[in-house]
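Asker: With the input below, show me the fold.
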Amino acid sequence: MRALARPLVFAAVLLGMSLASSPALASCLQATVAQQAALADVVVYGTVTETRQTFAPASGVIRFRADRFLKGSLPGEVEVYLGPTRGGAITSVDYSAVIRGEGHTLYLKAAGNGAWQTDACSGSHVGAPTAEEASFFGTGTAAPPTTPKDNTTLAVGALVIAAIALAGAVFARYAGPSTLTTTSP
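Answerer: Sure, this is the predicted structure:
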């Protein structure tokens with residue numbers, strides 16, 4: 001019996017040490033909408049338009065299009081880092097927004113170079129603003145309509161390809177008959 005107890009104690013000690021050395025799961029402090037809004041540069045409701053998939057374990061990055069501004073404003077569609085490491089290592093407070101087309105209310109902080117960041121403790125959540133947020137922020141302001149993407153480069157490329165194909169067809173038509181002849185035995 002005593003021989004069996006030692007391995008169990010040893011296993012329990014190892015388990016305890018591994019749990020103690022691993023980062024604890026995050027627990028966000030409970031904050032009111034007013035407190036969360038005070039910490040955010042921008043509070044916005046909108047749609048995830050693109051998610052970035054990486055092979056390395058990194059916190060997520062999305063493209064986000066605003067539909068309604070509750071606090072501040074954004075310059076059109078923006079890049080949003082979903083954790084405090086700005087695309088770096090995954091943390092326990094990374095926000096989860098990975099479904100393209102899904103609506104989110106995001107509490108954002110400027111991350112530099114035109115990018116923004118949010119995390120699980122900021123107040124960001126799936127869906128439209130809650131009743132408490134609507135009471136605090138009001139209806140907000142509608143985002144201006146998005147401008148279509150500039151497809152000038154694509155159009156010019158298509159015209160160049162069409163011109164090359166036309167020139168090839170004209171050249172083949174007027175090149176004349178082949179001077180190669182075949183003889184049969």
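Asker: pLDDT score for the residue nearest to residue 72 when sequence neighbours are not counted?
Answerer: Nearest residue to residue 72, sequence neighbours excluded (Cβ to Cβ, 6 or more residues apart in numbering): residue 42, at 3.7 Å. Bear in mind the C-beta positions are built from the backbone N, C-alpha and C, glycine included. Residue 42 carries a pLDDT value of 96.
Asker: residues touching residue 42, list them.
Answerer: Counting by Cβ atoms under 8 Å, 6 or more residues apart in numbering, residue 42 touches 69, 71, 72, 73, 74, 106, 107, 108, 116.
Asker: Report the beta-bridge partners for it.
Answerer: Counting by DSSP bridges, residue 42 forms beta bridges with residue 108.
Asker: Look up how far residue 123 lies from it.
Answerer: 12 Å (Cβ to Cβ, to the nearest Å).
Asker: so what's in contact with those two at the same time?
Answerer: residue 107.
Asker: The nearest residue to residue 29 once chain neighbours are set aside: neighbour count?
Answerer: Of all residues not flanking residue 29 in the chain, residue 121 sits nearest, at 7.2 Å (Cβ to Cβ, 6+ apart). By other Cβ atoms under 10 Å, 19 other residues sit near residue 121.
Asker: Specify the local secondary structure of residue 121.
Answerer: Of the three states, residue 121 takes coil under DSSP: H, G, I helix; E, B strand; the rest coil.
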